[in-house]
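Undergrad: Following is a predicted model, sequence given first.
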Amino acid sequence: MKKVFDPKSKEPFLISRSRLEKFLECQRCFYLEMKYGLRRPSMPGFTLNMAVDTLLKKEFDIYRTEGQSHPLMENYGIKAVPYRHPEIDNWRNNFKGVRYHYQPTNFIIYGAVDDVWQDEGGDLIVVDYKATSTEKVISLDDQYRQSYKRQMEVYQWLLRRNGFPVSDQGYFVYANGIKDNKAFDGQLEFRVEIIPYRGDDGWVEEAIKSAHQCLMSEEIPPANLECEYCRYHRELNEIENKENTT
């Protein structure tokens, strides 16, 4: 079980990007995990998505080593190259990531970025790899993709806090699985496209402060009616209470 938050401890407490997102989704679920170690039920890993992520990293690393722009970047008119930095592997490691000790809360905020590019002016560009399979036009306006935007903005904030010049312009590299081929033939083909997104990390620090305030409270936050986990527990309790009274 991961270390739980102790309000009396002087040791910095690790808050991952995904934990901060959980706070934004449901303060109750966040509180129960951070203070009691009660985590939501785990989901099976998206192994195909992880495979695409790994292969994209390997592909862009070839051009990183050569100091050249990837053809996909050139096709989209992006004047940049994959960024070379001695910490790039740590930044992309899920257990390390880009880290910053935010002193006002004594939280160490961290997140594993998929890739970082550098534009002609020297600014860093946050890049996120995504895999899907859809015949629809991929849009960042879809409700469930709002968390993708926040994800990128946290990475931008982390890099800025580490002293790097960071562009507001970020990119999502989307690999879209093709389903209309005549046969599988042991190969899954993708259409790869780049979707631009201009981030705004102005909300990040307030979210961190609010998450800290939440954990410092001695009261468990109320159930969030929009949270499926909270709804499940509430309805389960109602059924159990009804059964016990009959």
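TA: Alright, I've got the coordinates.
Undergrad: Now the residue nearest the centre of the chain: which helix or strand?
TA: Closest to where the C-alpha atoms of the chain average out (Cα atoms, centre = their mean) is Gln151, at 4.1 Å. Using DSSP states H and E, Gln151 sits in helix 146-161.
Undergrad: buried ones in that helix?
TA: Residues 148-159, 161 are the ones in helix 146-161 that count as buried (16 or more other Cβ atoms under 10 Å). Backbone N, C-alpha and C define where each C-beta goes, glycine included.
Undergrad: Give me the mean pLDDT for it.
TA: For helix 146-161, the mean pLDDT works out to 97.
Undergrad: got the buried residues for the longest helix seen in the chain?
TA: Longest helix in the chain, counting residues (DSSP state H): helix 47-66. Within helix 47-66, the residues scored as buried using 16+ other Cβ under 10 Å are Val52, Asp53, Leu56, Lys57, Phe60, Asp61, Tyr63, Arg64.
Undergrad: what ranges do the helices span in the protein?
TA: Ranges of helices in the chain, per DSSP H, are 17-25, 27-36, 47-66, 71-75, 88-91, 146-161, 204-216, 228-244.
Undergrad: As a markdown table, the ones you listed with distance to Phe5 would be great.
TA: Shown next, in a markdown table, are those (distance: least, Cβ to Cβ, whole Å):
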| stretch | distance to Phe5 |
| --- | --- |
| helix 17-25 | 10 |
| helix 27-36 | 5 |
| helix 47-66 | 29 |
| helix 71-75 | 41 |
| helix 88-91 | 25 |
| helix 146-161 | 19 |
| helix 204-216 | 5 |
| helix 228-244 | 19 |
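Undergrad: For Pro104, which of these is the nearest?
TA: Closest approach to Pro104 among the helices of the chain (Cβ to Cβ): helix 204-216, 6.7 Å.
Undergrad: pull the CA atoms of the closest one into PDB?
TA: Extracted in PDB, the C-alpha atoms of helix 204-216 (Å, rounded to 0.1, in the frame of the first residue of the first chain):
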ATOM      1  CA  VAL A 204      -2.600  24.300 -11.300                       C
ATOM      2  CA  GLU A 205      -1.300  26.000  -8.100                       C
ATOM      3  CA  GLU A 206      -4.800  26.700  -6.800                       C
ATOM      4  CA  ALA A 207      -5.800  23.100  -7.400                       C
ATOM      5  CA  ILE A 208      -2.700  21.900  -5.400                       C
ATOM      6  CA  LYS A 209      -3.500  24.300  -2.600                       C
ATOM      7  CA  SER A 210      -7.200  23.100  -2.500                       C
ATOM      8  CA  ALA A 211      -6.000  19.500  -2.500                       C
ATOM      9  CA  HIS A 212      -3.800  20.200   0.500                       C
ATOM     10  CA  GLN A 213      -6.600  22.000   2.300                       C
ATOM     11  CA  CYS A 214      -8.800  18.900   1.600                       C
ATOM     12  CA  LEU A 215      -6.300  16.600   3.200                       C
ATOM     13  CA  MET A 216      -5.700  18.800   6.200                       C
END
